[in-house]
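[1] Turn this into a model:
(chains A and B)
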Amino acid sequence: MEILGLLIPVSLGLGGLGLVAFIWSLRGRQYEDPKGDAERILSSEWDDRPKP
Amino acid sequence: MSDATLHDHDARLSACPACDAAPLAQRIAAGGGGQEDIVLSLPTIHCATCITDVERVLNRHPGVRDARVNLTLRRVTVDAPGMSAEELIPVVEGIGYEAHELDPAALSASAADRQGRDILMRIGVAGFAMMNIMILSVAVWSGAEDATRDMFHWISGAIALPTVAFAGQPFFASAWRALRHGRLGMDVPISLALVLASAISVYETVQSGHHAYFDAAVMLCFFLLIGRYLDYRTRAVARSAAEELTALEVPRAFRVTTAGDEPVPVVELVPGDLIRIRPGARIPADGEIAEGSSEIDRSLLTGESIPVPARPGVALSAGEVNLTGPLVMRVTAAGRDSSLARLTALVAAAESARGHYTGLADRASRLYSPLVHLLAFCSFLGWYFATHDLRLAVNVAAAVLIITCPCALGLAVPAVVTAASGRLFRRGMLIKDGTALERLAEVDAVVFDKTGTLTMGVPQLVSLDPIPAEARPVALALSQGSGHPLSQALAQALREAGTEPAPLSDLREVPGYGIAGIWQGREVRLGRADWLGARHGEATLSASWLSLGDEGGQGAPIRLEFSDRLRPGAEACVARILGSGRRVMLLSGDAAPVVQDLAQRLGIAEWRAGVTPVEKAEALRDLRQQGLHPLMVGDGLNDTAALTEAHVSISPASALDAARTASDMVLMGSDLAPVAEGLELARSARARIKENFAISLVYNIVAVPIAIAGFATPLMAALAMSLSSISVTLNALRLR
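    Coordinates of the predicted model:
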């Protein structure tokens, strides 16, 4: 059962990482235009190089 | 939760354009027309190609720094310092997309976004905590014992307590507000369950007990926050669309200059300007009448129900409504100095005047909250007196509160309303009022206005030939002064023919009848046949009559014919409503033959022509007194009273702003079909809501006796909660 001492912090840490990523994306206004983002990925513009 | 957020929470409850008028005016006053991004509304964009096309053409345009399309809101935000929307609109329209200017000051997107992000953040935190605690709880449910169980409980508690404190804030705040006002809302039992579950679990953990409800507390937060978020989304979408309507038109006034009338933003008005005010329009600034006479409706500002006569020299205040005649007003205090306080009063008056309708959710929670508290309290007393074991009694009471907690109830209504209004919104109908969908479901009679509602309301003059050349300047002067669609069509036709208006005095509009003025000492009139002493005849075209007084053998009024076409979808809509067994009535201010012709074409048996605004409102009151729930569909100033009187009301987006403010729903497109669809959808939405209540009731009937009997375990609470929440959400989604 000693493995629990390792596994529980690891699982909590991974979960926390997900939470931090979610809050980061929320702060970055990535949920402002869900429809537009879904369509934008189909556009061939900036396929070859990233938008400056 | 800070005070500001609390106010946001209150503010979101009103999703009507009128309620946005005051903050809008405040923002305009604060902004003062400073340099900002240009926002254009693009109603026709829909795909990836549209996005790239619009962005590419705008980015290539000299002077544009950046352009970003938001497809969800159908807008493009352009960063172009020193440029105006008038320069950019042709650029976008040049590649085939419709574009309209939006006033960025009227779009309060950022404040609403912050609130949406706030709820999303709490959902995220609660979801993270729920999943982790659930992993630990599964171990406990499957038989972890002694030290392991205690450790798992401690870890769960360490995650759950901060989560409940953070994610539960909206409920605690709202419960506290309800209690302070002496009410028991849905949030009081929720908060009590959260606090009690957390407290009892901490106690049990300290005592190495078997049951801890940390998972239940966090799950409760998670599901209820989802309900809150759905609720918020529905209102935010409606409000942003309503704001867009406001932003499309509000801050313009018509300044009188030597070169003719010139539209200017209200913020640019300065004291001393002369502005023209059309009948039916709100007065944009404080001032004094310089020319013209009319009547002024001050009821929304002062409570006077009788319109006040207005002559040159009379002072006007921003927010009053000009009723009958066109006015030229000299501005005495503009924009930030004048209208603010009065607009706020206007909004408050409009809101308090609105009748109160209790929604299904409110009625359910009014019944539910006392019952739940009573049940929990009784089981506590029962167990305490039976066993004299305080710990056990509190445990049972907490279990009852958790099991009955309105997880499903909190989701039952928002999930259905979101699904239904989302579907209606896609079809072009915008719901402004929270309970409008429920009221729409009760409708058993539909009253239509004719001009502008069943017909497009943009008439065209059939021919200019009946008007003699010398009468044309008079006709133009008369028709220019009226907001009536026939007059505007006449004015447009005459202006295109190169006519200059003749000088008239004493121009006044008689609502429901027409417009009159004095020309060379003779009274000239433009309006309805019976008002001018002419017979309308048997023709089925809309007609207006022009009378040039009695001199020179020109006594006989001249007949001017207009054609008007049906609104698309009108026939199908009326047929569908008649097919569903509801009464359909047509009330129009137009002449009898025209109305009769339309009624026969649409198969409407009950119709009345020549109805005045007062009679319209009375007709609706009669219907209500007969115990019916009438839906009023209308667009004009003469419908405003009837729209307010009806059980629920719809107006097209082309309606006068006064009518749109008075109605509960707005049709965004020109198609009338969504009205019939909305009626059917509202019925099925109400059925879904009731089914959802039944589902939660069944879960409660099964689970509550077990909880009262003391057999409830955290596993059962978790199962009941998630099963009922998921089943009501799935049931609601059947509407899409």
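
[2] can you map out the helices along chain A?
    A:3-27, A:34-40 (DSSP state H).

[3] ok, now the stretch 401-550 of chain B?
    With DSSP state H, counting those that start in this stretch as the criterion, the stretch 401-550 of chain B has helices at B:407-426, B:436-441, B:472-480, B:485-496, B:529-532.

[4] Flag the shaky bits of chain A, pLDDT-wise.
    A:52 (pLDDT under 70).

[5] Can you tell me which residues in it are near chain B?
    Residues of chain A found near chain B (CB under 8 Å from any CB of the partner chain) are A:1, A:4, A:8, A:11-12, A:15-16, A:18-19, A:22-23, A:26-27, A:29, A:31-36, A:39-43, A:45. The way it works is simple: take the backbone N, C-alpha and C, and place the C-beta from them, glycine included.

[6] can you list the helices of chain A in a markdown table and add mean neighbour count and distance to residue B:218?
    Putting the helices of chain A into a markdown table (neighbours: other CB atoms under 10 Å in any protein chain shown; distance: least, CB to CB, whole Å) gives the following:
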| stretch | mean neighbour count | distance to residue B:218 |
| --- | --- | --- |
| helix A:3-27 | 13 | 13 |
| helix A:34-40 | 15 | 27 |
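
[7] Can you lay out those as CSV showing distance to residue B:561?
    CSV is the format used below for the helices of chain A (distance: least, CB to CB, whole Å):
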stretch, distance to residue B:561
helix A:3-27, 61
helix A:34-40, 47
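
[8] Point to the helix or strand of chain B where mean pLDDT is at its lowest.
    Taking mean pLDDT, DSSP states H and E as the measure, chain B has helix B:3-11 as its least confident helix or strand, at a mean of 37.

[9] nearest residue to residue B:226 other than its sequence neighbours?
    Spatial nearest neighbour of residue B:226, chain neighbours left out: residue B:123 (6.3 Å); criterion: CB to CB, 6 or more residues apart in numbering or on different chains.

[10] An error on my part: the question was meant for residue B:566.
    That would be residue B:455: by CB to CB, 6+ apart, it lies 5.7 Å from residue B:566.

[11] my guess is residue B:132 contacts residue A:11, does it?
    Yes - with contacts counted by CB atoms under 8 Å, residue B:132 reaches residue A:11, the gap being 6.9 Å.

[12] packing partners for the one helix or strand residue B:640 maps to?
    Following DSSP states H and E, one finds residue B:640 within helix B:640-645. Judged by 3 or more CB pairs under 8 Å, 6 or more residues apart in numbering or on different chains; DSSP states H and E, the packing partners of helix B:640-645 are helix B:613-625, strand B:630-633, strand B:648-652, helix B:657-662.

[13] Save these as JSON lines, and put in mean neighbour count, mean pLDDT and distance to residue B:713 too.
    Shown next, in JSON lines, are these (neighbours: other CB atoms under 10 Å in any protein chain shown; pLDDT from 0 to 100; distance: least, CB to CB, whole Å):
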{"stretch": "helix B:613-625", "mean neighbour count": "17", "mean pLDDT": "82", "distance to residue B:713": "53"}
{"stretch": "strand B:630-633", "mean neighbour count": "28", "mean pLDDT": "90", "distance to residue B:713": "50"}
{"stretch": "strand B:648-652", "mean neighbour count": "29", "mean pLDDT": "85", "distance to residue B:713": "47"}
{"stretch": "helix B:657-662", "mean neighbour count": "24", "mean pLDDT": "65", "distance to residue B:713": "54"}
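
[14] so residue B:731, which of the three states?
    The three-state assignment at residue B:731 reads helix, by DSSP: H, G, I helix; E, B strand; the rest coil.

[15] count of residues packed around it?
    For residue B:731, the neighbour count with other CB atoms under 10 Å in any protein chain shown is 20.

[16] go on, the one 5 residues further on?
    Around residue B:736 sit 10 other residues, with neighbours defined as other CB under 10 Å.

[17] Test my guess that it contacts residue B:419.
    Yes - with contact defined as CB under 8 Å, residue B:736 reaches residue B:419; the gap is 5.2 Å.

[18] what's the nearest residue to whichever residue of chain A sits closest to chain B if we skip its chain neighbours?
    Chain A approaches chain B most closely through residue A:36 (3.3 Å), counting by CB to the nearest CB. Distance criterion CB to CB, 6+ apart; nearest residue to residue A:36, sequence neighbours excluded, is residue B:71 at 3.3 Å.

[19] now the one you found: how far from residue A:29?
    15 Å (CB to CB, to the nearest Å).

[20] Mind checking which of these two has more residues around it?
    residue B:71 (22 against 10).

[21] Find the centremost residue of chain A, please.
    Nearest to the mean C-alpha position of chain A, counting by CA atoms, centre = their mean, stands residue A:21 at 5.0 Å.

[22] Which residues lie in contact with the residue in the stretch 1-150 of chain B that chain A sits nearest to in this structure?
    Proximity of the stretch 1-150 of chain B to chain A (CB to the nearest CB) peaks at residue B:71, 3.3 Å away. With contacts defined as CB atoms under 8 Å, 6 or more residues apart in numbering or on different chains, residue B:71 is in contact with A:33, A:35, A:36, A:39, B:45, B:46, B:50, B:51.

[23] mind checking how far the third one is from residue A:43?
    Going back to what we said before, that points to residue A:36. Residue A:36 is 10 Å from residue A:43, by CB to CB.
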